[in-house]
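Enquirer: the following comprises the amino acid sequence and a computationally predicted model.
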Amino acid sequence: MLGERTIARPARNVVVVEATGHQWYWTFRHPGAAGAIATRDVLHIPAGRPVDVRIASADVIHSFWVPRLGGKMDAIPGLVNTLRIEATDPGLFEGQCAEFCGLHHTSNRFRVMAHDAAGWAAFQRGEE
Ligand SMILES: [Cu+2]
């Protein structure tokens with residue numbers, strides 16, 4: 001790990017998740033009731049709470065971008081960059097890699113599922 005940068009400010013009730021870019025998919029890790037929950041190409045978050053996404057890369061430079069949830073942040077090998085996002089309401093949001101990362105860059109997409117409180121609790125119990 002070369003270092004760590006963040007643009008996020010401290011907040012109450014913040015949820016921390018991890019996103020890792022790959023050629024050509026994304027993996028995510030979330031806090032679960034019985035340990036971390038790993039997914040591929042779908043990031044799960046609670047709606048109405050700030051979420052710090054700790055963004056890394058497994059290979060080349062990618063960029064994590066969910067247009068409807070705000071800014072984008074580079075995924076750089078050896079570095080963890082933190083981007084704070086928040087979904088006002090539950091729903092499904094499209095995300096994509098915003099940095100050319102090779103042959104299948106344009107299909108390096110993912111989705112963000114923002115759950116209501118009950119849905120987030122169920123996800124954390126491994127029920128969905
Ligand atoms: Cu890309």
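Expert: On my side now, so go ahead. Residues are numbered from 1 along each chain as shown.

Enquirer: list, one by one, the residues from the chain near the ion.
Expert: Proximity of the chain to the ion, by CB under 5 Å from the ion, involves residues His62, Cys97, Cys101, His105, Asn108. Placement of C-beta: from N, CA and C, glycine included.

Enquirer: could you dump those into a markdown table with distance to Thr39 and neighbour count added?
Expert: What follows is the residues of the chain next to the ion, written out as a markdown table (distance: CB to CB, whole Å; neighbours: other CB atoms under 10 Å):
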| residue | distance to Thr39 | neighbour count |
| --- | --- | --- |
| His62 | 17 | 31 |
| Cys97 | 17 | 27 |
| Cys101 | 20 | 21 |
| His105 | 21 | 18 |
| Asn108 | 16 | 23 |
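
Enquirer: neighbours around Glu128, how many?
Expert: 11 (other CB atoms under 10 Å).

Enquirer: and it, how far from the ion?
Expert: 28 Å (CB to the ion, to the nearest Å).

Enquirer: identify the residues contacting that residue.
Expert: Each residue near Glu128 by CB atoms under 8 Å, 6 or more residues apart in numbering is listed here: Gly119, Ala122.

Enquirer: and if you look at Gly21?
Expert: Applying CB under 8 Å, 6+ apart, the residues near Gly21 are Ile55, Ala56, Ser57, Ala58, Asp59, His62, Ser63, Phe64, Ala75, Cys97, Cys101, Asn108.
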